[in-house]
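Trainee: I would like the atomic coordinates for the input below:
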Amino acid sequence: MINKADGALSEAIGNVCKDFVENNPDQVIEFLSSDHEIVDKKFIDDWASQIADEFEIECEGKENECVQESFQKA
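Mentor: Down below sits the predicted model:
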């Protein structure tokens, strides 16, 4: 869905991706570092882009602070 979504759906996906990474960092690292067929550079870049967009939307003007808070949650 990540690479096909736009508009409001894309924003919702970004929030879900960010929350999932914050609440399940070990599972995300395990999955993204595995040899799954769907895990390639584009897949990882799409996830990262969605999460970065979420920080940009949610934390306008204080993105660095929000990223640090997210690291602490994870």
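Trainee: Look up which helix or strand the closest residue to residue 17 other than its chain neighbours falls in, please.
Mentor: Among residues not flanking residue 17 along the chain, residue 50 sits closest, at 4.7 Å (C-beta to C-beta, 6 or more residues apart in numbering). C-betas here are computed from N, CA, C, even on glycine. Assigned by DSSP states H and E, residue 50 belongs to helix 41-58.
Trainee: For that helix, which helices and strands make contact with it?
Mentor: Judged by 3 or more C-beta pairs under 8 Å, 6 or more residues apart in numbering; DSSP states H and E, the packing partners of helix 41-58 are helix 7-23, helix 63-73.
Trainee: Pull out the buried positions in the last one.
Mentor: Going back to what we said before, that points to helix 63-73. Residues 66, 70 are the ones in helix 63-73 that count as buried (16 or more other C-beta atoms under 10 Å).
Trainee: pull the CA atoms of it into CSV?
Mentor: C-alpha atoms of helix 63-73 as CSV (Å, rounded to 0.1, in the frame of the first residue of the first chain):
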residue,chain,number,x,y,z
GLU,A,63,11.3,17.7,13.7
ASN,A,64,14.6,17.0,15.5
GLU,A,65,12.9,17.0,18.9
CYS,A,66,10.2,14.7,17.7
VAL,A,67,12.7,12.3,16.2
GLN,A,68,14.6,12.1,19.5
GLU,A,69,11.2,11.5,21.4
SER,A,70,10.5,8.7,18.9
PHE,A,71,13.9,7.1,19.5
GLN,A,72,13.2,7.2,23.2
LYS,A,73,9.8,5.5,22.7
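Trainee: any residues touching it, and which ones?
Mentor: 18, 21-23, 55-56, 58-59 (C-beta atoms under 8 Å, 6 or more residues apart in numbering).
Trainee: Make a PyMOL selection of the buried ones in the residues you listed.
Mentor: Applying 16+ other C-beta under 10 Å to the contacts of helix 63-73 leaves a buried subset, and the PyMOL line that selects it is:
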select buried, resi 18+21+22+55
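Trainee: Let's have the contacts of helix 63-73 in CSV, adding pLDDT and distance to residue 4.
Mentor: Below are the contacts of helix 63-73 laid out as CSV (pLDDT from 0 to 100; distance: C-beta to C-beta, whole Å):
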residue, pLDDT, distance to residue 4
18, 88, 19
21, 91, 20
22, 92, 24
23, 94, 24
55, 86, 22
56, 87, 20
58, 85, 22
59, 86, 26
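Trainee: Okay then, goodbye and thanks.
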